[in-house]
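J.: Let's see this in three dimensions:
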Amino acid sequence: MTLLLQFLSNTGYFLADYRHIVMILVGCTFIFLSIAKKYEPLLLLPIGFGIIVGNVPFFKGFGLGIYEPNSVLHYLYFGVTSGLYPSIVFLGLGAMTDFSSLLATPKLMILGAAAQMGIYFTLLSALALGFLPREAGAIAIIGGADGPTSIFLTAKLAPHLIGPVAIAAYSYMALIPIIQPPIMRLLTSKEERRIRMPETREVSRKEQLIFPVVGVILCCFLAPASIPLLGPFFFGNLMKVSGVVDRLAQTARSAIIDTATIFLGFTVGASTQADVFLTPKSVGIFFLGAIAFSIATASGVLFAKIMNLFLKQKINPLLGAAGVSAVPGSAREVHLTGLKADPTNYLLMHGMACNASGVIGSALCAGILWSFLL
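T.: Sure thing, here's the model as predicted:
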């Protein structure tokens, strides 16, 4: 009987409290959204299941938890805390990205920069709410709507906030269809949403080859701290456009990025242990994350409208919302919102151009914040 009672006292059923139940329900919600609603399933499914696994109560000292040295989860989590997984994801993203639309219409790059205003506004807001400077920098990057970048910067500045920041960033990326369209409709008229973009010119192979080389030099010289993200990103793109290492490019955009995404999502989810995750700071992070993402969307749209005051060939201001780096979700929502105003107006490729610019912009902002706040 003593052995039986000792066994029962070590089970998760005995050790669980309301916090574990709350987090497991959050994980189940993520899984439901990924399967039933198809909201970013590649991200929410592994994160959701990781949340469930990370919140199974266990007896301390067995080397089971993600924060316990020498546990399996702890070793897997090293890829998050070291920034390894985000760098690998950026390599795959580079091998998947087509910069033709951006090179054909370079002025759209400005919208990718404008949408990063959400990052700096949130930085000031987090400081005003009492967060430490490094914590504020980690929270602010949520405004870039880039999960891997958010995780990378948080791992460098405030590792104890990786769970809340990552969950907030990926949650808002998944909720793009809910958050962005109302903001776009509020800030634009139907006539503006009907603005047609000209057909893009054909971009030469030489331009495509030069761009990743020039891009990595310009960006990384400006913010050397962005090398771990933008170095692999531009290298992946060079492999894609070169045409001489198709096997490597294919591996980067399939097997490698998929493997990194699996471990990144699962371990980030598992890091949300109830005793670490459910804190007042987490609530503040979710609140600030929503503000950051909304401001980033609005900044891009409003800046496009400002640009139209000086341009002969007007830009559809909806494209400003694609300046966040949530690829390809925000470009898709821009396209769908434009179609509702004019069923023959196709904005997807132009939206992808802004998206690509946003990826570069958010990684640059992460590098700048890291260099200032470290």
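J.: what about residue 205, how many neighbours?
T.: Neighbourhood size, residue 205 [other C-beta atoms under 10 Å]: 10. For the C-beta atoms, the positions are set from N, CA and C on the backbone; glycine is no exception.
J.: quick one: contacts for the nearest residue to it once chain neighbours are set aside?
T.: Distances taken as C-beta to C-beta, 6 or more residues apart in numbering put residue 241 closest to residue 205, at 7.2 Å, once the chain neighbours are dropped. Shown in contact with residue 241 (C-beta atoms under 8 Å, 6 or more residues apart in numbering): 205, 208-209, 212.
J.: Make CSV out of the residues you listed and add distance to residue 325.
T.: What follows is these, written out as CSV (distance: C-beta to C-beta, whole Å):
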residue, distance to residue 325
205, 26
208, 20
209, 23
212, 17
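J.: thinking again about what came up before, what is the three-state secondary structure of the residue nearest to residue 205?
T.: On the three-state scheme (DSSP: H, G, I helix; E, B strand; the rest coil), residue 241 is labelled helix.
J.: any idea of the pLDDT on it?
T.: pLDDT recorded at residue 241 is 96.
J.: Residue 158 too?
T.: So, for residue 158, pLDDT stands at 92.
J.: Can you get me a residue count around it?
T.: Counted with other C-beta under 10 Å, residues neighbouring residue 158 total 22.
J.: Pretty sure residue 232 sits against residue 86.
T.: No - if you go by C-beta atoms under 8 Å, residue 232 and residue 86 don't touch, sitting 9.2 Å apart.
J.: And these two? Which one has more around it.
T.: Set residue 232 next to residue 86 and count neighbours by other C-beta under 10 Å: residue 86 wins out with 27 against 22.
J.: Let me know whether the more buried one touches residue 151 as I believe.
T.: Yes - Residue 86 lies in contact with residue 151 (C-beta under 8 Å); the separation is 5.4 Å.
J.: Now do the shared contacts for these two.
T.: By C-beta under 8 Å, 6+ apart, residue 86 and residue 151 have these common neighbours: residue 264.
J.: mind checking how far residue 199 is from residue 177?
T.: As judged by C-beta to C-beta, to the nearest Å, residue 199 and residue 177 stand 27 Å apart.
J.: Compare these two and say which is more crowded by neighbours.
T.: Neighbours were counted for residue 199 and for residue 177 using other C-beta under 10 Å; residue 177 has more, 15 against 9.
J.: and that one, what is it in contact with?
T.: Residue 177 sits in contact with 39, 329, 333, where contact means C-beta under 8 Å, 6+ apart.
J.: cool, residue 98 as well?
T.: 352, 356.
J.: Return the backbone torsion pair for it.
T.: Phi and psi for residue 98, reported as degrees, to the nearest 10, are phi -110, psi 110.
J.: In terms of pLDDT, where does it sit?
T.: 91.
J.: same thing with the one 5 residues further on?
T.: Residue-level confidence at residue 103 comes out at 93, pLDDT.
J.: repeat for residue 230
T.: On pLDDT, residue 230 comes in at 96.
J.: tally of neighbours for it?
T.: Residue 230 has 27 neighbours, counted by other C-beta under 10 Å.
J.: do residue 66 as well
T.: Other residues within reach of residue 66, judged by other C-beta under 10 Å, total 24.
J.: which residues does it contact?
T.: Neighbours of residue 66 in contact, by C-beta under 8 Å, 6+ apart: 54, 73-74, 76-77, 267, 270-271, 273.
J.: Grab the two from the residues you listed that are most spread out in space.
T.: Longest distance between any two of the contacts of residue 66 is 14.6 Å, between 76 and 273; criterion C-beta to C-beta.
J.: which one of these two has more residues nearby?
T.: Per other C-beta under 10 Å, whichever of residue 76 and residue 273 has more neighbours is residue 273, with 21 against 17.
J.: so what pLDDT did that one get?
T.: In this prediction residue 273 is given a pLDDT of 87.
J.: Phi first, then psi, for it.
T.: Dihedral angles (degrees, to the nearest 10) for residue 273: phi -60, psi 140.
J.: That one and residue 55 touch, don't they?
T.: Yes - with contact defined as C-beta under 8 Å, residue 273 counts as touching residue 55 (6.3 Å).
J.: Can you check which residues contact both of the two?
T.: Common neighbours of residue 273 and residue 55 (C-beta under 8 Å, 6+ apart) are residue 23.
J.: Tell me which residue is most central in the protein.
T.: Nearest to the mean C-alpha position of the chain, counting by C-alpha atoms, centre = their mean, stands residue 146 at 1.9 Å.
J.: If anything else comes up later, I'll come back, but that's it for now.
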